[in-house]
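Asks: I'd like to go over a predicted model; first the sequence, then the structure.
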Amino acid sequence: MQPNNLSAYLIIRQGYRWTDVFRLESGRPLIIGRASSNEIPVADERSSRRHAEVFFEEGSWKVRDLGSRNGTYVDGQRISEAKLLAAGNQITVAACRLTFAYSLDEVVPPLEWDETAPQTTQHTQGEIPAITYRQSKSSILDPASLQLDIKSPSNSVPVPHRAFPTVATELLQLAFEVAREPNIQSACELALNRLMQSTGCKTGGVLKLEPSADEKDQPSPTGLPGCVVLAALQRNGKAYHPVAEPLIANVLRDNTAILAHNVHADSHLVGGQPASANAMSSQASHVMTTTSVIVAPMRIGEQIIGMIHLYSRLGESDLTPEHLEITLAVADVLAVSIDNLTRQQTLEVKLKSSRSRIVELELQLGQSAEWIGPSAALRQVRDQAQRVGPTHATILIRGESGAGKELVARAIHDFSQRANGPFVAINCAALTSTLLESELFGHEKGSFTGAVERKIGKFEQAHGGTIMLDELGEMSLEIQAKFLRVLEGKAFERVGGNKPIQVDVRVIAATNRDLEQAVREGQFRSDLYFRLRVIELRVPALRQRTEDILPLAEYFLAQFRSKSGHGPSGFTEQAQLAMQKYHWPGNVRELRNSVERAYVLATGPLAGPEDLALSYLQVPGQESPKPAVPTSDTYQEKTIDALEQEHIEATLEYTNGQKNRAAAILGIERSTLDRKIKRFQGPLG
C-alpha cells in the first residue's frame, strides 16, 4: 500500500547484495542510461544513453522506456508504454536491476535472485556446457581418491592412475600435513615420524640451534651454539643421544648435510650425553653400538636454524645416501614450517597486545561506541542506525555540533558488513581546500611544495570499510565535484598523479549546516546534495533529550575517576538541577567538558554548580531557553535593582557568606560584588 508521502526508493543490486539506494522525489524525475550525466549511469553496451525514466504522475510512480534499443523490463516483461509501479517491482535495464519500494522496511537484504528477469549470459554457438570431471581431493595428496572420484565424461570409467614418484608424493603429503599443524612441537614430531617410516631408521631427533641464557652473555668454550631438542623418537627401547659437537661444527662450517659410516669406534662422531642424563655406562654402550649417522641442516635462506639427526645401531640397516637425500628434503620442508609457525606465534602475541592497547586507548579517548541515556529519541536514532547499517546506501547525518554524529556513524559502520574493515573520519572544516584534497585523495611526491613523499589519502585508507566526512558543507565547490565522482563509483587520481585509483568505500556524511540554504546560495552543488540525501538521519540536540543529561554526566565522571582514583563521586542536588535546566549549546561535548572541569575544581565529595561553571553563550542558529511568563496571579512589581539585590542575597545565603564563591556563581568579579553590596547597604552592608 502506498504511504501518504510521495517519496520512494530504487534499490540497485548485483547478484545477492545491495549496491546502492536512490531516494525518489516527486518533483524530480530520474533518468537511467549509459550517459554519465544520468542520475543512475549504467556501464553496459546494451544500455542506451537515455534508456528509461522513473517519474511521478497523477499521484503514482511510473516507469517508461525512452525508445531504447534493447527495451526496459518490469518483472521480466518488456514495457511499451508508461508502467505503474508497485512496491517490489523489479526494473531491468541491460545488466542493471532495480527494486522499487516505498519504504526500506519493505525490502530486507539480502534480496533473492529474480529468475524471471531476462538472462544476459551468452554461449558460443555450437558449444554445450557440461561438467566433465568431479574430484574432491588432490590425487597427489590422496592417491586413493583418484580411483573413486575422477570419472571419464564419455563412459563413466575411472581414469587410469598416473604414476607419481613415490618419494616426491610423500614429501608433498608431508608438506601439506606439516602446514596444518598448530605448533612447532607437533610439526616436528609429525615430520620426524614420517621420515623414520620412510628411511626405516629406529632413532632420531629434531634439534633447534638456540643459545642458552648463559651462552648469550658468555659464549661456550667451543664457540658453538646450544641445541634444544624439539622432538625425539626411539623405536628400539633405548634412549636418544643428541648429536656430537664435531658433527654440529662440520655442518655449520660447510652448510651441508653429512652421512658418516663406521662411527662406532669414534666417540667424537657419535654423540654426547644422552638426553635423559643416563650413567656413563649407557654412554659407552651408545658409542660402541652406533654404526651410521645423518645430520641435515634446517635452513632459512643461508641461515641454519636447526638440524635433523638420525643414527643406526649394530644389528640395524645402515643409513644410505638415498636416506640422506630424503632427510635433507624433509629438513627443508620442516625449516619453512618452523619459521612460519614462529612468525605466526610472534604475530599473535603482538596482535593480542595491540588489541588490548587499542581498547585501552579508545576508553581513554572516550571513543567507545556506548549509547548512554534512556531517552526515546536516542533509542530511535540507534534503531535507525541498526536498520540502515546492513545496506550499502550513502547516509547523511544532521545535527548540531557536539551532538554525537560520529557516534552514530561508528554505530552504522559496526552494524554493517564492513565492520571488520577500517573506519576513517575526517573533519572537512579543519583544513583548507588544498590540504583537504590531499587528505582525501592523497598526493604524489613533488606534486607541491612540501610533498616530500607519496601520501595515501583517506579514501584509499578506508578501502573495504567506511569513511565519515564531518562538516561536509564546508567543502569547496571544486572538491565537491571530485567527491561526487567518487560517490558515483568512478576512479580518482592523487594530487599530482595520473594513475586512476578505484576504491570500495561506504560514505557517511555529517553536517550541522543548512545544506538547502547553501544550495540556494550557490555554495553547495545540488547534484551532490541529491546524491548524498539517500537516507537522512537527524541526531537530536542534548536539550531535546534532557533525561540523558544526568546519566551522561555520571558516565563521564566515572571515566575521569577511573584514571586517577580520586575526585568527586557525584553531584549535589543543586548541580543536578542546574545541569537539567541548562540549554547546553555545545551539546554532549560541552557536557563532557563541564564534568571534567567539575572533576578538577571540586574540593568536596560531591561537585556543586559552581564547579561546573556553566556558560550562557548563545550559539547562532539555536533558540535560547525562554523564561517562564508570569501570570496575573504570580506577578509582583519589582525593579531590576530589587531583583538583583534579592538574587545576590540568596546567593550569599547559599554560599554561607563566602563572597569569592558567590562571585563565581554570579559570573562577576569579587570587586564588582563588593561594590554592589555597598550600594545596596541595608542588611547586606
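Replies: Received the coordinates, thanks.

Asks: quick check: next helix or strand after the longest helix along the chain?
Replies: Counting by DSSP state H, the longest helix found in the chain is helix 321-365. Downstream of helix 321-365, the next assigned helix or strand under DSSP states H and E is helix 376-388.

Asks: with just CA atoms, put the helix or strand following that next one into CSV.
Replies: Following helix 376-388 in sequence order, the next helix or strand is strand 395-398 (DSSP H and E). What follows is strand 395-398 as a C-alpha-only set of coordinates in CSV (Å, rounded to 0.1, in the frame of the first residue of the first chain):
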residue,chain,number,x,y,z
ILE,A,395,24.0,8.2,4.7
LEU,A,396,23.6,11.9,5.6
ILE,A,397,23.7,12.6,9.3
ARG,A,398,22.4,16.0,10.5
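
Asks: from the contact counts, what lies against strand 395-398?
Replies: Where contact means 3 or more Cβ pairs under 8 Å, 6 or more residues apart in numbering; DSSP states H and E, strand 395-398 is packed against helix 405-415, strand 506-511, strand 535-538. All C-beta atoms are positioned from the backbone trio N, CA, C, and that covers glycine.

Asks: which parts of the last one are buried?
Replies: For strand 535-538, burial by neighbour count (16 or more other Cβ atoms under 10 Å) applies to I535, L537, R538.

Asks: the helix or strand that it is followed by - what's its average pLDDT?
Replies: Reading on from strand 535-538 to the C-terminus, the next helix or strand found by DSSP H and E is helix 549-564. In this model, helix 549-564 has an average pLDDT of 89.

Asks: ok, stretch 100-115 next?
Replies: pLDDT averaged over stretch 100-115 gives 61.

Asks: just to revisit the earlier point, kindly reformat the buried residues of strand 535-538 as CSV containing distance to Y9 and pLDDT.
Replies: Shown next, in CSV, are the buried residues of strand 535-538 (distance: Cβ to Cβ, whole Å; pLDDT from 0 to 100):
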residue, distance to Y9, pLDDT
I535, 9, 91
L537, 15, 93
R538, 18, 93
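
Asks: redo those residues as JSON lines? Include distance to R49.
Replies: Shown next, in JSON lines, are the buried residues of strand 535-538 (distance: Cβ to Cβ, whole Å):
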{"residue": "I535", "distance to R49": "29"}
{"residue": "L537", "distance to R49": "35"}
{"residue": "R538", "distance to R49": "38"}
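
Asks: give me the number of residues near A663?
Replies: 22 (other Cβ atoms under 10 Å).

Asks: now for the nearest residue to F571 once chain neighbours are set aside: which residues touch it?
Replies: Leaving out its chain neighbours, the residue that sits closest to F571 by Cβ to Cβ, 6 or more residues apart in numbering is A607, at 5.1 Å. A607 makes contacts with L557, P568, G570, F571, T572, A575, A598, Y599, L601, as judged by Cβ atoms under 8 Å, 6 or more residues apart in numbering.

Asks: and the helices in the stretch 1-150 of the chain?
Replies: Using DSSP state H, counting those that start in this stretch, the helices of the stretch 1-150 of the chain run over 144-149.

Asks: do you have the strands of it handy? List them.
Replies: Shown for the stretch 1-150 of the chain, the strands assigned by DSSP state E, counting those that start in this stretch span residues 8-14, 17-24, 30-33, 40-41, 52-57, 60-65, 73-74, 77-78, 83-84, 90-93, 96-101.

Asks: show me what the first one is packed up against.
Replies: Contacting strand 8-14 under the criterion 3+ Cβ pairs under 8 Å, 6+ apart are the following elements: strand 17-24, strand 96-101.

Asks: ok, that strand: who's next to it in the sheet?
Replies: Here strand 8-14 is paired, per DSSP bridges, with strand 17-24 (antiparallel), strand 96-101 (antiparallel).

Asks: same thing with the fourth one?
Replies: Strand pairing for strand 40-41, determined by DSSP bridges: strand 30-33 (parallel).

Asks: can I get the strand it pairs with in CSV, CA atoms only?
Replies: Provided in CSV are the C-alpha atoms of strand 30-33 (Å, rounded to 0.1, in the frame of the first residue of the first chain):
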residue,chain,number,x,y,z
LEU,A,30,15.1,10.1,-12.6
ILE,A,31,16.9,9.0,-15.8
ILE,A,32,18.6,5.6,-16.2
GLY,A,33,21.1,5.1,-19.1
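
Asks: picking up where we left off before, now for the strands of the stretch 1-150 of the chain, which one comes closest to V336?
Replies: Closest to V336 of the strands of the stretch 1-150 of the chain is strand 17-24 (Cβ to Cβ; 38.5 Å).

Asks: quick check: mean pLDDT of the closest one?
Replies: Rounded mean pLDDT across strand 17-24 is 76.
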